[in-house]
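Predicted model and sequence below, questions to follow.
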Amino acid sequence: MDTRIEQFKVKMGKSVDALREEYAAIRAGRANPHLLDKIRVDYYGQPSSLQSVANVSVPEARIIQIQPWESKLIKEIEKAIIASDLGLTPSNDGKVIRLVFPELTEERRKELVKDVKKKAETAKIAVRNIRRDANDLFKKQNKASELSDDEFKHLEDEVQKITDLYVSEIDKVMEDKSKEILTV
């Protein structure tokens with residue numbers, strides 16, 4: 001792998017990783033503890049991740065159970081969950097908080113799949129923009145006689161191959177998430 005291309009490959013990889021993170025936050029009717037990854041709880045004046053102040057588990061397919069290390073955190077955790085855009089109402093028994101995921105309707109599943117496709121298209125645009133940046137850089141180097149025409153053509157072809165690879169990876173991630181959402 002040419003070192004001149006490596007930086008662009010890393011950026012494209014980050015676009016795919018960002019897409020995976022966004023998909024982890026999409027509810028598919030099943031309990032997924034990664035939905036809570038972005039939630040921050042006020043812990044002695046310090047915003048902390050939910051996983052650092054509580055034990056998060058999935059005792060049943062549609063329930064996430066949160067057991068705080070300190071019982072006084074229950075109210076803070078509930079506040080953080082309600083303030084998030086998850087659309088879930090927490091319930092607690094004084095010791096643990098439970099998040100029950102309602103069964104998704106067919107209409108809601110289709111909306112989620114549309115959202116998944118939009119996010120995938122955004123990731124593809126990001127990858128294509130990185131390709132454009134790479135090609136622009138190589139064009140400038142070619143015009144400044146830092147690259148020969150053959151080297152320029154070779155680098156352009158390599159960047160296109162890498163772009164195609166990441167676009168197909170985005171398609172695969174999108175299909176997997178769509179199947180997960182549509183599976184009842």
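Received it, and whenever you're ready, just let me know what you need.

Look up the closest residue to the most centrally placed residue in the chain, ignoring the ones flanking it.
Nearest to the mean C-alpha position of the chain, by C-alpha atoms, centre = their mean, lies residue 21 at 1.6 Å. Once flanking residues are discounted, residue 21 sits nearest to residue 37: 7.8 Å by C-beta to C-beta, 6 or more residues apart in numbering. No exception for glycine: its C-beta is placed from N, CA and C like everyone else's.

Domain-wise, how is this structure divided?
3-24+105-182, 33-100 (automatic domain parsing).

in which helix or strand would I find residue 4?
helix 3-24 (DSSP states H and E).

which helices and strands sit right next to that helix?
Applying 3 or more C-beta pairs under 8 Å, 6 or more residues apart in numbering; DSSP states H and E, one finds that helix 3-24 makes contact with helix 106-143, helix 149-182.

roughly how far apart are the residue in the chain sticking out farthest from the centre and residue 152?
In the chain, the residue that sits farthest from the middle, by C-alpha atoms, centre = their mean, is residue 145; the gap is 40.7 Å. Look at residue 145 and residue 152: by C-beta to C-beta, to the nearest Å, they are 11 Å apart.

re the thing from before, next one: phi and psi at the residue farthest from the centre of the chain?
Backbone torsions of residue 145, given as degrees, to the nearest 10, read phi 60, psi 30.

hang on, residue 5 packs against residue 158?
Yes: the criterion here is C-beta atoms under 8 Å, and residue 5 meets it with residue 158 at 5.4 Å.

give me the number of residues near the residue nearest to residue 21?
Residues lying near residue 37 (other C-beta atoms under 10 Å) number 14.

next one: residue 119
The burial count for residue 119: 19, using other C-beta under 10 Å.

thought it was touching residue 25?
No: with contact defined as C-beta under 8 Å, residue 119 does not reach residue 25; the gap is 10.2 Å.

starting at the chain centroid, how far to the helix holding residue 4?
Chain-centre distance of helix 3-24: 11 Å, with C-alpha atoms, centre = their mean, to the nearest Å.

buried residues in it?
Buried residues in helix 3-24, counting neighbours by 16 or more other C-beta atoms under 10 Å, are found at 4, 5, 8, 9, 11, 12, 15, 16, 19, 22, 23.
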